[in-house]
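Novice: When you get a sec, could you give me coordinates for this:
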Amino acid sequence: MSAAVPPARPLPLVEQAGDIAELAGRRAEKAEAARTPDLDVVTALLTAGAARHFVPASFGGPGGTFAELKRAAVVIGAQCPATAWCAVVAGLMTRTAAHLPPAGQQRLWAGGPDTLIAGGVTPRGTAVPVAGGRLLSGAWPLVSSSERADWILLFAASAGSAVEDAAGPLVCLVPSSEVRIERTWDDVGMQATGSHTVVVEEVFVPEELTFPVAVLAELDAPPPGPDGRAVPLQAVNTFLFCLPMLGAARGALRRWKELSGAKLQGRPAGYDPVVAHHADVFARSSAEIDAAELLLDRIAGLVDTAPAVTRAEVARHQRDCAFAAELLVRAVDRLMRASGSAGHSTGSVLQRLWRDIHTAGSHATLQFGTAAAGYARAELTGGS
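Specialist: Modelled structure (predicted):
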């Protein structure tokens with residue numbers, strides 16, 4: 001299997017990331033108050049290709065790489081981590097939807113590749129077998145971009161006969177017109193992701209819009225992705241969740257430098273404990289942010305080019321991402337503590353970035369203890 005070949009020129013998402021970031025930053029306060037992504041920002045993301053990034057080439061996908069999505073997400077996240085989160089989740093859900101049967105993919109992308117897909121990945125509902133498909137019911141919390149999506153992927157337990165139950169949970173694709181959104185998202189951070197609850201009441205889902213969740217959990221022989229390469233979902237999902245955090249940390253460092261520069265103007269020459277303290281904060285936090293980025297770059301380089309990703313590499317990726325998340329949260333905490341009242345103001349961008357990085361870092365897949373246990377098991381016992 002050949003390695004992915006990067007596009008000859010940067011994709012629009014990479015080229016336009018700066019403009020999207022600037023718009024998202026200006027609209028962040030409004031989007032937080034609304035508890036949903038700003039419509040103009042979502043439109044800008046879709047126009048630049050955030051939704052189509054991982055769409056199969058046969059449906060108009062550009063052959064986007066993880067490294068390119070990382071570049072764009074970090075730029076956007078430096079201004080608005082919530083917008084970067086929506087962008088990477090859109091890419092993750094698109095990549096997931098590419099495992100639908102051919103007829104399902106045709107239906108999903110019949111109107112073009114710029115289709116925004118949201119997803120509820122915890123099996124909270126039931127999919128009861130009926131003629132030609134499933135009858136889906138349930139409630140899925142924490143579905144980012146739920147009010148802006150065209151389609152929503154929902155994981156549900158298979159319900160019916162013992163044979164059908166043995167098939168395990170299913171991924172079901174539902175048009176947004178057939179769901180109800182309950183506005184439950186009230187987290188202290190990432191408020192503009194609009195991660196509300198999706199409710200479905202006995203909606204018919206044809207068989208071509210379903211596939212087993214087990215397909216996504218396969219590590220030894222994962223099905224090819226939209227780029228034709230067999231990259232396990234578990235090798236990249238935590239990586240993608242780290243990207244808005246890296247952007248937030250870069251943005252926080254930049255904002256802190258601006259605040260500190262103003263404080264340190266006119267300090268006397270010679271040793272100054274205030275200057276020394278600020279130097280320590282800057283050096284430690286910037287080093288931690290750089291270290292986190294190096295770990296994430298290693299992951300992007302491998303999943304974009306390696307012929308295959310092994311179980312051991314998946315475990316290492318999850319360890320690296322959880323550790324990177326810890327580094328980034330620690331770095332921004334240090335910056336926040338040293339920012340004074342200016343950084344803690346409710347109108348400060350720094351405190352918004354601080355809130356957002358804490359919410360992102362609390363994601364279940366980024367907890368170091370769990371990742372460390374998986375890594376140690378893979379390395380010390382051969383995965384047994």
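
Novice: pretty sure His351 contacts Met336?
Specialist: One thing to correct before we go on: residue 351 is Gln, not His. Yes. Gln351 lies in contact with Met336 (Cβ atoms under 8 Å); the separation is 7.1 Å. Using the backbone N, CA and C atoms, a C-beta is placed for each residue, glycine as well.

Novice: what about these two, which has more around it?
Specialist: Shown here are Gln351 and Met336; by other Cβ atoms under 10 Å, Met336 has more neighbours (22 against 18).

Novice: Which strand or helix spans that one?
Specialist: Following DSSP states H and E, one finds Met336 within helix 311-337.

Novice: Following the chain onward from that helix, which element is next?
Specialist: helix 340-344.

Novice: Now the element after that following helix, going C-ward?
Specialist: Using DSSP H and E, the first helix or strand after helix 340-344 is helix 349-361.

Novice: ok, and for that following helix, which residues are buried?
Specialist: Across helix 349-361, burial judged by 16 or more other Cβ atoms under 10 Å covers 349-361.

Novice: which residues do Gln351 and Met336 both contact?
Specialist: 343-344 (Cβ atoms under 8 Å, 6 or more residues apart in numbering).

Novice: Who are the packing partners of the lengthiest strand in the chain?
Specialist: Secondary structure of the chain per DSSP state E: the longest strand is strand 117-130. Judged by 3 or more Cβ pairs under 8 Å, 6 or more residues apart in numbering; DSSP states H and E, the packing partners of strand 117-130 are helix 81-97, strand 133-143, strand 151-158, strand 170-175, strand 196-206.

Novice: Report the residue spans of the stretch 51-200 of the chain with pLDDT below the cut-off.
Specialist: 160-167 (pLDDT under 70).

Novice: residues making contact with the host helix or strand of Ala376?
Specialist: Assigned by DSSP H and E, Ala376 belongs to helix 368-381. For helix 368-381, the external contacting residues (Cβ under 8 Å, 6+ apart) are 238, 311-312, 314-316, 318-319, 321-323, 325-326, 364, 383-384.

Novice: Report the contact partners of Arg319.
Specialist: 368, 371-372, 374-375.

Novice: Identify the residues contacting the residue lying closest to Arg183 once chain neighbours are set aside.
Specialist: Spatial nearest neighbour of Arg183, excluding adjacent residues (Cβ to Cβ, 6 or more residues apart in numbering): His196 at 5.2 Å. Neighbouring residues of His196 by Cβ under 8 Å, 6+ apart: 35-36, 141, 143, 146-147, 181-185.

Novice: could I get these as CSV with secondary structure, distance to Glu379 and neighbour count?
Specialist: Listed next are the contacts of His196 as CSV, based on DSSP: H, G, I helix; E, B strand; the rest coil; distance: Cβ to Cβ, whole Å; neighbours: other Cβ atoms under 10 Å:
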residue, secondary structure, distance to Glu379, neighbour count
Arg35, coil, 42, 18
Thr36, coil, 42, 23
Pro141, strand, 34, 16
Val143, strand, 35, 28
Ser146, coil, 38, 27
Glu147, coil, 43, 20
Ile181, strand, 43, 18
Glu182, strand, 43, 12
Arg183, coil, 44, 13
Thr184, coil, 40, 14
Trp185, coil, 38, 22
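
Novice: Out of these, give me the two with the largest separation.
Specialist: The distance between the two most remote of the contacts of His196 (Cβ to Cβ) is 15.1 Å, for Thr36 and Pro141.

Novice: Quick one: list the elements packing against the helix or strand Ile299 falls within.
Specialist: Using DSSP H and E, Ile299 sits within helix 273-305. Counting by 3+ Cβ pairs under 8 Å, 6+ apart, the packing neighbours recorded for helix 273-305 are helix 66-77, helix 237-264, helix 311-337.

Novice: average pLDDT across it?
Specialist: Helix 273-305 carries an average pLDDT of 94.
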